[in-house]
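Enquirer: Got a sequence here, can you build the structure:
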Amino acid sequence: MAETKADNFEIDEAKLEEMIAETDTGARNPVGGVGKFMFWVAFAWAVFQLWIASPFMYMFSDIIPVLNNTATRSVHLAFAMFLGFLAYPALKSSPRDRIPIQDWIMGIIAIVVTLYLWMFARELADRAGLPTTLDLVVSGIGVVLVLEAARRALGPPLMIIAMVFLAYVFFGHLGPDVMSWKGASFSRAMSHLWITQEGVFGVALGVSTSMVFLFVLFGSLLEKAGAGNYFIWVAFTLMGHLKGGPAKAAVVSSALTGLVSGSSIANVVTTGTFTIPLMKRVGFSSEKAGAVEVASSTNGQLTPPVMGAAAFLMIEFVGISYIEVIKHAFLPAIIAYIALVYIVHLEACKAGLVGLPRKVKKTFIQSLFTFMTVVIGIMLLSMGMHYGLGWLKDVAGDATPWITGVLFCVAYFFLLKIAVKYPDLGRSDQIDELPEPGPIVKSGLYFLLPVVTLIWLLTVERLSPALSAFWASLAMIFVLLTHKYLKGIMRKDHNPAQHIAEGWNDFKEGMVAGSRNMIGIGIATAAAGLIIGAVTLTGVGLILAEVVEFISGGNLIVMLMLTAGISLLLGMGLPTTANYIVVSSLMAPVIVTLGAQSGLIVPLIAVHLFVFYFGILADDTPPVGLAAYAAAAISGGDPIKTGIQGFMYDIRTGILPFMFIFNTELLMIGITGPIHLLTVVVTATIAMLLFAAATQGWFLTKNKWWETIALVAMTFLLFRPGFFMDKIYPPLNEVEASTIYQVTDALPDNAQIRLQVKGETLEGKAVDKVVMLPVGTKADGDGKARLAKAAGLELREEEGKLIIDNLAFGGVAEKQKLDFDWEIASVKIENTDRPAKQWFYLIAMALLAVVWFAQKGRIRKEEGLQVKNA
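Expert: Residues are numbered from 1 along each chain as shown. Just a heads-up that it's a prediction; the model follows:
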């Protein structure tokens, strides 16, 4: 096999560790007593987070007082900022092996100003809105320290954006008329941003405190136990023999690692040191090998359950359960990964690449049997977990947790018995032949038990995400402390003390790694809280909405493209979590409103996922894409070329958010049954594969220009079949406004009604728009009562017209910017007479057949010429 460029490039492990440290865990790691002090502070943070999430906190409330939200958020931020000032140097020239005195001072002051809210909570509550001089001094120092900590841990962009919003808080009256506001006094601003829970100590920091930390900790413990390495080996043994096998295995292993990792850069380094050299060995160039790893690692943040911490913020921002977030995010993430595997396959076909050889050759039937065994095993495990443990809960009642604990231990010992029959997995990027899948899979099945525990607690027991992650983390700690010791006993290894020590060290390092991974997230949520606080204090969100609406001309597509561009731009300098908080806070309500005016129901979760997707894509977008730099450091390739190639691979991910805005079935919203679900899954997967073939210029063979256009057209027809049907048959019919109560009364529970309203603003501007309002449940009463209770809208009849008579303060109708004395011009209802939109699937399949036979014909012709020439 021809040697590719940089085949002999040696991976600089120290450089990679420094890259992760600079972006995720802190670049400073002093040795000696100071290093030990930082280690145990991080360990104490993890213990504190486990304690406040546990039910034991309430059992021992007589000894240790139960902490409320104010206390837990204060302590959480105190740990994050203290460690942030110690772990992240102020400048590139700052020392890395020691901590200067000024950093110690700032860290200690950060503890004082953050804990101030907890220590003086009662006094602050008694003088709400009337801060003392000390309150203001503490608040001012706290805001400055949050900005400095954000600059150190996350770079200048987040600090600069926060400072721009703070400048608007104080100097808004100096801005142009369209953006002008009266400005806030220092007293009012500091009260809002620091003392209340509207700013730094708001929802974002609360989510970081109560949920994000535990899931990040769970992932760190899982990784430290060896599960990440296990996932990589399993992916390679199952897929490494296929065309371009190492690249396909890189996609799968990154997806599995992404299940519990919230960092695309850490994902690149964790899996890339193993996968990139193997991809290069089978023929991928340095840039393409790095780009495959970048694309698969950044997409790891799309994959539930962790999703770069954004999943937990969505719970609060959207107002839905964690299970709902996972349900909505699952299908697009899986489709994106399937398409990336297909892109790798196309690259391998174009270059004529092969996979790694197996030690034992298998026939196609044997390989298919192995694959189906794994799939069926996962299905049986899922069914057993859902129905079996669900049945146990019904039978055992309150004894279920104890019985489940016994079952966990029995399963753990049984799987360890199986694991000890095979040697422990090593890390090597010099593998020449693939081992058999069976022994590799069996050697680490016990790693899945804590994951199964987490899923069971979330889906069957329906515990909160925080409590589920707590019990899953305890299960993981039990495995981490015991698995090496028990395997040593089962293998008759006569050195148990060494295995106990190794387990204890792994536990400590896993706890500390979880804490250090959370420093940046904790600081990011606090800094983003400054931006959110500025928005709520000044009302600039409404002004920005009007500006964006003006720029887009009220066109939803232009609005979405503008939002995508803003997300990409901010994401180049902000971590995913902070980017998501900022953009979703500003843009999500605008998109929903514009969609309603266009007669399109845009669920809030769709908008939040839209913003989240484009924030993630920024990680491989040149020139900043940090994940591309990490991959290039491993591959020896050019980081800019790696980023550009990775972005080309990720175009398929960029098209998904636009599709699920207009076709919410991709988020499993509005699915009516199993057949409908199967149809959506199959057509969406085919559509994404066809789009990948179009962007790669290769289907069965190299595309002609018209075939690429046909593939894009098929993609559009399969993703959004209703577009052309809407042109032929309007999706909505217009009925008289006088029927509003009858229409409302006939709607199912928690549905929405579309109303066309006309009126005039106080400034004399004519308004004619469509709004969507909730109608509540039938238990609320008749149509009139449902509309009043759910939407806060009351009407009166005047000269044959329905006029807005009253708007409940803070109600949905008021938030939709309706006003008194506006007219309800008409009611828009769903058109039930039009044919099913799925008929357009047939057109797409016909186009597919044309392209298929055209390319097959060319392949046969080329093969015939080759035979003739031979």
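Enquirer: Number of residues surrounding Val735?
Expert: One way to gauge burial is a neighbour count; for Val735, by other Cβ atoms under 10 Å, it gives 14. Placement of C-beta: from N, CA and C, glycine included.
Enquirer: Over to it. Which of the three states is it?
Expert: strand (DSSP: H, G, I helix; E, B strand; the rest coil).
Enquirer: How about it, nearest residue that isn't a chain neighbour?
Expert: In this structure, Val735 finds its nearest non-sequential neighbour in Val827, 5.2 Å apart by Cβ to Cβ, 6 or more residues apart in numbering.
Enquirer: Isn't that neighbour up against Glu734?
Expert: Yes: counting by Cβ atoms under 8 Å, Glu734 is a contact partner of Val827 at 7.4 Å.
Enquirer: Kindly report the domain assignment for the chain.
Expert: Taking automatic domain parsing as the domain assignment, the record places the domains of the chain at 31-225+363-510, 732-830.
Enquirer: between those, which one is nearest to Ala632?
Expert: Shortest distance between Ala632 and the domains of the chain, using Cβ to Cβ, is found for domain 31-225+363-510: 16.4 Å.
Enquirer: is it true that Asn92 lies in a strand?
Expert: Wrong residue type there; residue 92 is Lys, not Asn. No: according to three-state DSSP, Lys92 belongs to no strand; its state is coil.
Enquirer: Check the gap between it and Gly155 for me.
Expert: Noted for Lys92: a distance of 12 Å to Gly155, by Cβ to Cβ, to the nearest Å.
Enquirer: now swap in Gly33 and tell me
Expert: In this structure, Gly33 and Gly155 are 30 Å apart, going by Cβ to Cβ.
Enquirer: ranges for the strands of the stretch 151-300 of the chain?
Expert: Using DSSP state E, counting those that start in this stretch, no strands are assigned anywhere in the stretch 151-300 of the chain.
Enquirer: next one: the helix or strand where Gly522 lies to chain centre, how far?
Expert: Following DSSP states H and E, the helix or strand that holds Gly522 is helix 496-538. Between the mean C-alpha point of helix 496-538 and the mean C-alpha point of its chain there is a distance of 17 Å (Cα atoms, centre = their mean, to the nearest Å).
Enquirer: So which bits of the strand or helix carrying Ala339 are buried?
Expert: Counting by DSSP H and E, the secondary-structure element that holds Ala339 is helix 322-351. Using 16 or more other Cβ atoms under 10 Å as the burial criterion, the residues of helix 322-351 that qualify are 322, 324-349.
Enquirer: same deal with stretch 123-130?
Expert: Buried positions in stretch 123-130, judged by neighbour count with 16+ other Cβ under 10 Å: Leu124.
Enquirer: If you average the pLDDT over that stretch, what comes out?
Expert: Computed over stretch 123-130, the mean pLDDT rounds to 81.
Enquirer: One more: stretch 443-458?
Expert: Summarised as a single mean, pLDDT over stretch 443-458 is 85.
Enquirer: can you check stretch 725-743 too?
Expert: Confidence for stretch 725-743, expressed as mean pLDDT, is 85.
Enquirer: who touches it?
Expert: By Cβ atoms under 8 Å, 6 or more residues apart in numbering, the surrounding residues in contact with stretch 725-743 are 599, 722, 753-756, 782-784, 787, 795, 801-802, 823-831, 833-835, 837, 839-840.
Enquirer: So which of those residues belong to strands?
Expert: Cross-referencing the contacts of stretch 725-743 against strands under DSSP state E gives 753-756, 795, 801-802, 823-830.
Enquirer: now those residues: which count as buried?
Expert: Here the buried ones among the ones in strands among the contacts of stretch 725-743, as counted with 16+ other Cβ under 10 Å, turn out to be 753-756, 795, 802, 823-829.
Enquirer: Of those residues, which pair is most distant in space?
Expert: Glu823 and Ile829 (18.5 Å).
Enquirer: what are the bridge partners for Glu823, then?
Expert: Here Glu823 sits in beta bridges with Lys758, Ile803, as judged by DSSP bridges.
Enquirer: In this model Gln756 seems to touch it, though I could be wrong.
Expert: No: the pair Glu823 / Gln756 is not scored as a contact, 9.2 Å apart, by Cβ under 8 Å.
Enquirer: Now for the residue nearest to Leu83 when sequence neighbours are not counted, how many residues are close by?
Expert: Spatial nearest neighbour of Leu83, excluding adjacent residues (Cβ to Cβ, 6+ apart): Ile519 at 5.1 Å. The number of residues packed near Ile519 is 28, by other Cβ under 10 Å.
Enquirer: Verify the contact between Ile519 and Gly84 for me.
Expert: Yes: using Cβ under 8 Å, Ile519 makes contact with Gly84 at a distance of 5.1 Å.
Enquirer: picking that back up, compare Lys92 and Gly155 (neighbour count), which wins?
Expert: Just comparing Lys92 and Gly155: by other Cβ under 10 Å the higher neighbour count belongs to Gly155, 17 against 8.
Enquirer: Would you mind writing the CA trace of stretch 336-347 as PDB?
Expert: The C-alpha coordinates for stretch 336-347 follow below in PDB (Å, rounded to 0.1, in the frame of the first residue of the first chain):
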ATOM      1  CA  ALA A 336     -26.600  12.700  11.100                       C
ATOM      2  CA  TYR A 337     -24.300   9.800  12.100                       C
ATOM      3  CA  ILE A 338     -25.700   7.300   9.600                       C
ATOM      4  CA  ALA A 339     -25.100   9.900   6.900                       C
ATOM      5  CA  LEU A 340     -21.500  10.400   8.100                       C
ATOM      6  CA  VAL A 341     -20.900   6.700   7.900                       C
ATOM      7  CA  TYR A 342     -22.200   6.800   4.400                       C
ATOM      8  CA  ILE A 343     -20.000   9.800   3.500                       C
ATOM      9  CA  VAL A 344     -17.000   7.800   4.700                       C
ATOM     10  CA  HIS A 345     -18.200   4.900   2.500                       C
ATOM     11  CA  LEU A 346     -18.400   7.100  -0.500                       C
ATOM     12  CA  GLU A 347     -14.900   8.500   0.100                       C
END
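Enquirer: Alright, that wraps it up for me.
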